[in-house]
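>>> Mind folding the following:
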Amino acid sequence: FMFIFQLKCGNCGEVSEKWQYLRLMDSAPLKGGRGSATMVQKCKLCSRENSIDILSQTIKPYNVITFFKYVSMIIFIIFLVQVILKSLLQMCLQAGFAAEGAESGTPFNDINLLEKDWNDYDEKTKESVGIYEVTHKFVKC
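Here you go, the predicted model:
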């Protein structure tokens, strides 16, 4: 997974001009030996250390069993920084989803849900497949 988004410093409110890239496999040490996080960044304006950590064990698939229900797919721990919601939505919907045919097991890769709909054709079952009317919600804990 690679996530791309904009950040806003939780201390001074400075919005990063550049889009930030966050990969599950990345790790950086936190100041003072307090462990590590997926991304650690110093604010250019106030020098405050901000961090985001992806809890890899929380990444869960969405499947036929959970159909029509909201499910937690991923959890981020965000410390002293705000992710701009518009960019978070864009990040999540174009993150390169993959799907598998429920009956055939046919893999479908690099699914972009930014348009909220996706469709393709499953050669094994000779049927159209798709994801339609994607909805979402972000829960702040």
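
>>> Could you use CA atoms for every contact and neighbour count after this?
OK.

>>> Torsion angles phi and psi at residue 31?
phi -60, psi 140 (degrees, to the nearest 10).

>>> For it, which non-adjacent residue is spatially closest?
Leaving aside its sequence neighbours, residue 31 sits nearest to residue 49 (Cα to Cα, 6 or more residues apart in numbering; 7.8 Å).

>>> With residue 45 instead?
residue 14 (6.8 Å).

>>> Distance of that neighbour relative to residue 39?
Between residue 14 and residue 39 the distance is 17 Å, computed by Cα to Cα, to the nearest Å.

>>> Compare the two and say which is more crowded by neighbours.
residue 39 (21 against 15; other Cα atoms under 10 Å).

>>> Would you agree that one is in contact with residue 49?
No - look at residue 39 against residue 49 with Cα atoms under 8 Å: they stay out of range, at 10.3 Å.

>>> Contact partners for the residue nearest to residue 45?
By Cα atoms under 8 Å, 6 or more residues apart in numbering, the contact set of residue 14 is 8, 43, 45.
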